[in-house]
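A.B. asks: Prediction below, plus the sequence it came from.
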Amino acid sequence: MAREPLSVVVTSYNSAATLDACLASVRWADEIVVLDSGSSDASCAIAAHYGARVEMQPFAGYSAQKQAAIDLAHHRWVLLLDSDEALPEGAADLLGKVLQEPAHAGYQLWRREWIFWQWQSPRSRLNHYVRLFDRQRARMSAHEVHEEVQVDGSIGVLDVILDHYGERDIAGRVDKANRYSSLQLADLAGRRSGGLRLRMLTNSTAAFLRYYLLRGHYRSGWAGFIAARIHAFYAFLKYAKLYEATRATGGGDRVPERAKRDG
């Protein structure tokens, strides 16, 4: 039985360190689209090596950039990957079977994380995200960070585990926490400052416990502990910055709408 043709869509920016592994894992796809936002490294050359159609667009934000890349696809079914992600061997066969007769509008894939110097413990909890979908029934959310594919229809789960290389060191993860907490000023604008004070007091501890204990990253040794501490700092930082925004406008009781522009 013939399957639905598949477009693999990737956004890139100075992604040479991981893009080769990403595209090598999907070289079987009917189409590969790479939307680059002005790389100065070998990203575009790597994409061309794998026969990808390379398009250029200035970075428009995480969600908008991915939506623009999805809109460039020629085929109805899309596999959306970050440039630091790669499919495992054998994924082509499984996805091919699913695309012979799709039962859902979208499918979630699992993802394991590289934590500084090792993979997360196989006994810790994996995240999962919608990555394979019918683009006629799906769009990216409008969030500034932690964007996701929103599907109009049922969602299945595939037994496929993406490898996510992410930040390769502690400094990179701290930098990401700083950048993302600033971007969330847009998503969380309008919160009352009283609620922000309470969240500064409690959310950091709660975030640490969720990441370290409930998600099982204590099984990853010191790498898991350090990652949990940075995750907790991020949870604190985003609300501290939001509280700062209320103080900057004379101590009003809500985060100002101008934060949407400042993010």
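C.D. replies: That came through, no problem.

A.B. asks: got a list of what the spatially closest residue to Ser40 that is not a sequence neighbour touches?
C.D. replies: Setting aside the residues directly before and after it, Ser40 is nearest to Asn14 in space (C-beta to C-beta, 6 or more residues apart in numbering), at 6.3 Å. Yep, even glycine has a C-beta here, placed from its N, CA and C like the rest. Taking C-beta atoms under 8 Å, 6 or more residues apart in numbering, we find Asn14 in contact with Ser39, Ser40, Asp41, Ser43.

A.B. asks: Now for the first one: which residues touch it?
C.D. replies: Contacts were defined as C-beta under 8 Å, 6+ apart; by that measure Ser39 touches Ser12, Tyr13, Asn14, Ser15, Ala16.

A.B. asks: what's around the fourth one, how many residues?
C.D. replies: When you say that, I think you mean Ser15. When neighbours are counted by other C-beta atoms under 10 Å, Ser15 registers 24.

A.B. asks: Return the residues in contact with it.
C.D. replies: Cys22, Ser39, Asp41, Ser43, Ser83, Asp84.

A.B. asks: Of those, which qualify as buried by neighbour count?
C.D. replies: The neighbour count (16 or more other C-beta atoms under 10 Å) marks Cys22, Ser39, Ser43, Ser83, Asp84 as buried among the contacts of Ser15.

A.B. asks: how much space between Leu198 and Leu242?
C.D. replies: Counting by C-beta to C-beta, to the nearest Å, the gap from Leu198 to Leu242 is 12 Å.

A.B. asks: between those two, who's got more neighbours?
C.D. replies: Leu242 (26 against 11).

A.B. asks: I figured that one was touching Leu185, is that so?
C.D. replies: Yes. Applying C-beta atoms under 8 Å as the test, Leu242 and Leu185 come out as touching, 6.2 Å apart.

A.B. asks: quick one on the thing from earlier: need the contacts of Ser39 in JSON lines (columns: pLDDT and distance to Ala206).
C.D. replies: Listed next are these as JSON lines, based on pLDDT from 0 to 100; distance: C-beta to C-beta, whole Å:
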{"residue": "Ser12", "pLDDT": "97", "distance to Ala206": "35"}
{"residue": "Tyr13", "pLDDT": "96", "distance to Ala206": "33"}
{"residue": "Asn14", "pLDDT": "96", "distance to Ala206": "34"}
{"residue": "Ser15", "pLDDT": "96", "distance to Ala206": "33"}
{"residue": "Ala16", "pLDDT": "96", "distance to Ala206": "38"}
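
A.B. asks: Thank you kindly, that will do.
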